[in-house]
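> The following comprises the amino acid sequence and a computationally predicted model.
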Amino acid sequence: MILVDEHRSPIGQTGEMPPLDGHMELLLKEDLKESTAQIQRNWIACEDCHGRGKKRRKLAKKTRLHYQRQLELFEQSSSQSTPPVRPRGHLYTCPSCEGAGIVSTDNPPIADNTTYPHVAIIGGGIGGSALAVACLHRKIPFTLYERDPNFGARSQGYGLTLQQASKAIRGLGVLLDDEGVISIRHLVHTTSGRVVGQWGGGIPVQRAAGSPIKRSNIHIARQSLRSSILAQLEQNDSVQWGHQLLDFKQSDTSGIEMSFLVDGKVKNAKADLLVGADGIRSTVRKQVIGEDSDPLRYLDCMVILGICPLDKIASVGSDLLDSATVFQTANGNDRLYVMPYTANSVMWQLSFPIPEEDAQALSAKGSQALKKEACLRTLWHDPIPQLMIATPEDKISGYPVYDRQLLQGEQFDNAGDVTLLGDAAHPMSPFKGQGANQAILDALSLARTIAKECPFTPWRTLGLRTTVLKEFEEEMLSRSASKVKGSADAAQFLHSDVVLQEGNEPRGRCRNKS
């Protein structure tokens with residue numbers, strides 16, 4: 001039940017903020033420069049584990065001999081049974097890179113155009129930026145194309161919580177020791193303020209002496225994380241801003257041929273591999289999968305989001321606004337979720353069931369109407385009414401919530417050397433906080449698969465679909481399937497009486513017990 005906004009479509013449909021004013025754009029540019037300055041070293045894939053972060057132990061002699069005997073017996077028999085499966089040693093964390101898959105180096109990696117394919121990445125959000133950096137570390141040549149004219153052209157969603165990806169971002173050379181806000185407790189309330197559930201290391205419950213507090217979630221503004229990732233590309237000329245993809249096709253002789261709209265003119269480019277990281281309304285997906293056969297699926301609810309500076313409500317003095325607490329309040333229909341955004345602000349998400357047409361109409365009315373709706377729906381316990389009133393209108397947006405049916409591997413069969421990642425591949429509701437997490441994992445998975453396979457396979461003749469993409473897509477779709485389903489389920493049960501059940505655990509677990 002962690003908020004992530006990974007959608008990338010026009011405001012009124014996905015909750016993106018309008019273009020930034022000059023002051024905010026300047027602040028974001030300074031943030032990007034500061035992130036660049038904080039990088040004291042370059043990174044390169046660890047040679048000891050080949051950039052994977054894991055190594056495989058050698059088989060024990062007893063295990064190896066047992067397999068050899070089983071194989072000999074199979075070969076001597078005339079049986080049509082399945083041959084024995086060769087055992088594999090257990091994986092363990094690489095000691096050279098401490099599991100990150102990368103190590104520091106004095107000089108930036110130089111792209112190896114002979115060994116690896118040139119990767120065209122469409123979309124400079126979290127997933128596309130992560131893939132670019134993962135390719136950089138592995139000497140995989142790439143070009144990142146982003147339709148926005150610059151980093152600060154628009155707000156890229158609100159905040160996110162790093163869960164599975166908190167370890168993965170180390171594999172991108174991003175260190176968050178001094179960034180992000182860590183939450184240590186989570187509370188669930190009725191509208192009167194009665195607590196019906198609480199968990200986290202910050203809750204005063206009895207623990208065994210010396211037992212550690214479980215690792216907490218890291219909350220960070222999406223633009224801050226994106227800035228930290230893109231900062232590694234500041235000295236690289238492979239980022240192309242202001243490039244809107246128009247079309248692409250695969251040639252038998254020259255790979256993928258692409259056309260972009262740049263400053264009102266059409267510009268052509270080529271690559272060996274095309275990766276669509278361009279969000280829930282992906283142009284790449286539309287051409288590869290098709291929109292008619294795989295339309296957006298409305299999840300019967302919408303969200304209104306806001307960011308409120310804590311100094312606007314300093315007089316309230318609520319311990320729920322201590323920058324270490326996540327809390328939610330619900331009535332069985334409407335549900336408000338509040339989390340730390342920065343050390344000096346919180347982000348809130350109000351969600352409720354509503355017909356699709358009504359959701360589209362409300363979001364199209366703009367921030368003033370959205371704020372009014374949020375205030376009317378949340379006349380609940382303190383500090384919620386004060387929080388709603390204090391939130392500036394220019395920090396409020398709203399959108400209907402959509403996802404898509406799960407992709408199947410065979411839907412890529414005719415895609416050639418083109419694939420998808422992040423929301424372009426598996427969009428999901430924001431209610432489980434998995435959008436950005438899965439996009440980062442997708443990016444690392446693809447870069448690692450390219451680095452693992454391409455040096456040892458004739459990918460130019462066999463094609464990247466055979467040598468790289470099938471393996472990557474199978475892993476990606478298998479890993480993300482439960483997240484897509486869980487996020488869709490959450491869109492239903494979080495707006496029901498399930499959220500009000502007594503229990504010191506996340507609401508999904510309460511649901512599973514009911």
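Done, it's in.
> which SS state does Leu299 fall under?
Of the three states, Leu299 takes strand under DSSP: H, G, I helix; E, B strand; the rest coil.
> For it, report the pLDDT, please.
Looking at Leu299, its pLDDT stands at 96.
> next one: Gln434
Looking at Gln434, the pLDDT reads 85.
> Could you list the buried residues of the helix or strand harbouring Glu373?
Using DSSP states H and E, Glu373 sits within helix 367-377. Residues 367, 369-371, 373-375, 377 are the ones in helix 367-377 that count as buried (16 or more other CB atoms under 10 Å). From N, CA and C alone the C-beta is placed, and that goes for glycine too.
> Follow the chain on from it and name the next helix or strand.
Assigned by DSSP H and E, the successor of helix 367-377 is helix 384-390.
> Now do the helix or strand following that following helix: which elements does it pack against?
Using DSSP H and E, the helix or strand that directly follows helix 384-390 along the chain is strand 396-403. With contacts defined as 3 or more CB pairs under 8 Å, 6 or more residues apart in numbering; DSSP states H and E, strand 396-403 has these neighbours: strand 297-309, helix 356-364, helix 367-377, helix 470-493.
> a markdown table please, covering those and showing distance to Arg147.
Below are those laid out as a markdown table (distance: least, CB to CB, whole Å):
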| stretch | distance to Arg147 |
| --- | --- |
| strand 297-309 | 23 |
| helix 356-364 | 21 |
| helix 367-377 | 24 |
| helix 470-493 | 24 |
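> most neighbours per residue, which of those?
strand 297-309 (a mean of 22; mean count of other CB atoms under 10 Å).
> partners of it, with directions?
When pairing is defined by DSSP bridges, strand 297-309 lines up against strand 345-353 (antiparallel), strand 396-403 (antiparallel).
> Ser318: which of the ones you listed is closest?
Judged by CB to CB, the one of the strands paired with strand 297-309 that comes nearest to Ser318 is strand 345-353, at 10.6 Å.
> Give me the angle between that closest one and helix 470-493.
80 degrees (axes from the mean of the first three to the mean of the last three CA atoms, to 10 degrees).
> Show me this structure divided up by domain.
Following the TED database, the chain resolves into domains at 44-85, 103-156+221-296+405-494.
> Tyr402 versus the most centrally placed residue in the chain, what's the distance?
The centroid of the chain falls nearest to Ala436 when counting by CA atoms, centre = their mean (1.3 Å). Using CB to CB, to the nearest Å, we find Ala436 at a distance of 17 Å from Tyr402.
> same thing with Val303?
11 Å.
> Over to Thr161?
For Thr161 relative to Tyr402 (CB to CB), the value is 21 Å.
> repeat for Ala439
17 Å.
> out of those two, which sits in the busier spot?
Ala439 (30 against 20; other CB atoms under 10 Å).
> Give me the pLDDT value at that one.
Per-residue pLDDT puts Ala439 at 95.
> same question, Gln70
According to the model, Gln70 carries a pLDDT of 87.
> same check, this time on Gly157
59.
> what's around Asp464, how many residues?
Wrong residue type there; residue 464 is Leu, not Asp. 26.
> you'd agree it is up against Asp417?
Yes. At 4.4 Å, Leu464 counts as touching Asp417 under the criterion of CB atoms under 8 Å.
> any residues in contact with both of the two?
Overlap of the contact sets of Leu464 and Asp417 (by CB atoms under 8 Å, 6 or more residues apart in numbering) consists of 117, 272-273.
> Check whether the residue nearest to the centre of the chain really touches Ile126, as I assumed.
Yes. Between Ala436 and Ile126 there is a contact at 4.8 Å, judged by CB under 8 Å.
> For the stretch 51-200 of the chain, which segments count as helices?
Ranges of helices in the stretch 51-200 of the chain, per DSSP state H, counting those that start in this stretch, are 61-76, 126-137, 165-168.
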